[in-house]
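1. have a look; sequence and predicted model below, questions after that.
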Amino acid sequence: MLNVGKIEEGFVLDHIKAGQSLSIYHHLRLDKLDCTVAIIKNARSGKMDKKDILKVECDIDMLNLDILGFIDHNITVNVIKDGMIVEKKDLVLPKQIRGVIKCKNPRCITSIEQELPHVFLLADEKKEIYRCKYCDEKFDKISFYKY
C-alpha cells in the first residue's frame, strides 16, 4: 500500500473523479506555485470505486474555489493546519467563470477584441451548462478536460 505523508498546512482535494487530477493541477496553476504537491491517481475508494487525491502544502488562499467548483463541485476540500483537518469547504457551481474557458465562436467579440476576458455565466444549474456572456455560445464541459 502506498503511504503519502501528512501535510502541516495546506489543503487536500479528495473525491476527484479518477483521471482528472492532472487537469485540476494545471487549471489551478499549481505548477506555477512554489509549494509541495502530491498527486495520487486511481486510489481505492468505497464511495467512488476509484478516485484521485491532490495534497497541496501551501496557503489555502492560493486555491481558486470558483475554478474548482466549475471543474467538479463534488470534490471535497479539506483545509489543513498543524497537520489536522480544521475545515471542510463545500463547493458550488459558480454563477460566473472568468478567464478559465474560452469561447469557441469565431464571431464572438472575444475573438476580435483579444484583451476582453472570456466570461461564462451559469445558464442551467441542473445540466451544468455555461454560456458566453457576450454571444451566448454554449460551453461543452466535456471538451474542458481536453485542454
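-> The structure has been received and is ready for your questions.
2. ok, now how distant is residue 87 from residue 124?
-> Here residue 87 is placed at a distance of 30 Å from residue 124 (Cβ to Cβ, to the nearest Å). Glycine gets a C-beta too; all of them are placed from N, C-alpha and C.
3. again but with residue 103, I slipped
-> Counting by Cβ to Cβ - residue 103 and residue 124 are separated by 17 Å.
4. quick one, which of those two is more surrounded?
-> The neighbour count for residue 103 versus residue 124, taken as other Cβ atoms under 10 Å, is higher for residue 103 (22 against 10).
5. look at the more buried one and give its secondary structure.
-> At residue 103 the chain is in coil, as set by DSSP: H, G, I helix; E, B strand; the rest coil.
6. okay, now the closest residue to it other than its chain neighbours: neighbour count?
-> Spatially, and ignoring its direct neighbours in sequence, residue 103 is nearest to residue 132 (4.4 Å; Cβ to Cβ, 6 or more residues apart in numbering). The number of residues packed near residue 132 is 22, by other Cβ under 10 Å.
7. surely residue 132 touches residue 102?
-> No: assessed by Cβ atoms under 8 Å, residue 132 is found out of contact with residue 102, at 9.3 Å.
8. anything in contact with each of those two?
-> Listed as contacting both residue 132 and residue 102 by Cβ atoms under 8 Å, 6 or more residues apart in numbering are 110, 118.
9. any low-confidence regions in this protein?
-> 1-3, 141-147 (pLDDT under 70).
10. phi, psi for residue 83 please.
-> When read as degrees, to the nearest 10, the backbone of residue 83 gives phi 80, psi 10.
11. what does the one 10 residues further on give?
-> Note on residue 93: its backbone torsions stand at phi -70, psi 120 [degrees, to the nearest 10].
12. what's the answer for residue 61, then?
-> phi -70, psi -10.
13. residue 32 now?
-> When read as degrees, to the nearest 10, the backbone of residue 32 gives phi -90, psi -10.
14. again with residue 66
-> Torsion angles, degrees, to the nearest 10, at residue 66: phi -70, psi -40.
15. now do the helices in this structure.
-> Remark: helices assigned in the chain by DSSP state H are 21-27, 65-71, 109-112, 141-144.
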